[in-house]
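Asks: just the structure for this:
(one chain, ligands or ions: 1)
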Amino acid sequence: MAIQAIRLFGDPVLRTPAAPVVDFDKELRKLVQDLTDTMMDAPGAGLAAPQIGVGLRVFTYYVDDQLGHLVNPDLDLSGDIDEEGEEGCLSFPGLSFPTPRSVRAVAKGFNMYGEPVVVEGTDLMARCLQHETDHLDGILFIDRMDPQQRKLAMKAVREAEWSGMQPPTVKFSPHPTGGKAL
Ligand SMILES: [Zn+2]
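Replies: The predicted structure follows:
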């Protein structure tokens, strides 16, 4: 088990687009294990590598008893927009807000061995795939809210007890990030 500190809103790594994975090596498998352990411990329905300070395009998910991971995902959205579904984020502990998302998503990518995989989902799985892929682009769920809702969310964030708190900065990451700053 290697549970990592989850970065909170305000940490610049959450706003930094992640680099595509190039090497499907032992380091990547360790990253997937760390993400899985940290997500299950939280517990959460998904966790993206930037949330543990690693700038690579990898996330894990645990939705409807399906545990998995995806590397270098590419997303296709379809179906209606669910305007009202509540969504939370491990980088915003204890908070959830209605966040508009497509009700159907297909994510194409790779597993940690470099084999192509497709993950399809509706409702919560579709929401999770969109939320986690957004993390890899430095996009947070507050960005998807309508302006009124975002205002309410930001007020709740400012009032949250973790607001402004950050775990200690880790100077060296065990994971290669293709030369990108973390
Ligand atoms: Zn999140």
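Asks: C-alpha only now, for contacts and for neighbours.
Replies: OK.
Asks: now do the helices in the protein.
Replies: With helices called from DSSP state H, the chain shows them at 26-41, 123-136, 147-159.
Asks: highest mean neighbour count out of those?
Replies: The highest average neighbour count among these, using mean count of other Cα atoms under 10 Å, belongs to helix 123-136 at a mean of 23.
Asks: which stretches of the chain have low pLDDT?
Replies: 1, 166-182 (pLDDT under 70).
Asks: quick one on the thing from earlier: need the helices of the chain in JSON lines with distance to Gly79, can you?
Replies: Below are the helices of the chain laid out as JSON lines (distance: least, Cα to Cα, whole Å):
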{"stretch": "helix 26-41", "distance to Gly79": "28"}
{"stretch": "helix 123-136", "distance to Gly79": "10"}
{"stretch": "helix 147-159", "distance to Gly79": "23"}
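Asks: out of those, the one nearest Ala5 is which?
Replies: Of all the helices of the chain, it is helix 26-41 that lies closest to Ala5, at 7.9 Å by Cα to Cα.
Asks: what helices or strands is the closest one leaning on?
Replies: Packing partners of helix 26-41 (3 or more Cα pairs under 8 Å, 6 or more residues apart in numbering; DSSP states H and E): strand 46-48, strand 58-63.
Asks: quick one: the closest residue in space to Phe9 that isn't next to it in sequence and Cys128, what's the gap?
Replies: Distances taken as Cα to Cα, 6 or more residues apart in numbering place Ser91 nearest to Phe9, at 5.5 Å, with adjacent residues excluded. Ser91 is 14 Å from Cys128, where distance means Cα to Cα, to the nearest Å.
Asks: Asp25 too?
Replies: 26 Å.
Asks: so how far is Glu132 from the residue of the chain most remote from its centre?
Replies: Ranked by distance from the centre of the chain (Cα atoms, centre = their mean), the top residue is Gln148, with 23.7 Å. Between Gln148 and Glu132 the distance is 23 Å, computed by Cα to Cα.
Asks: cool, and Pro50?
Replies: As judged by Cα to Cα, Pro50 and Glu132 stand 10 Å apart.
Asks: repeat for Leu77
Replies: 14 Å.
Asks: spatially nearest residue to Ala48 (excluding sequence neighbours)?
Replies: Using Cα to Cα, 6+ apart, the closest residue to Ala48 is Phe59 (4.1 Å).
Asks: tell me the contacts of that neighbour?
Replies: Applying Cα atoms under 8 Å, 6 or more residues apart in numbering to Phe59 gives the contacts 32, 35, 46-49, 69-71, 132-133.
Asks: ditto for Asp64
Replies: Contacts of Asp64 (Cα under 8 Å, 6+ apart): Met125.
Asks: mind listing what the longest strand anywhere in the chain pairs with, with the direction of each?
Replies: Determined from DSSP state E, the single longest strand within the chain is strand 66-82. Within its sheet, strand 66-82 is paired with strand 58-63 (antiparallel), strand 101-110 (antiparallel), according to DSSP bridges.
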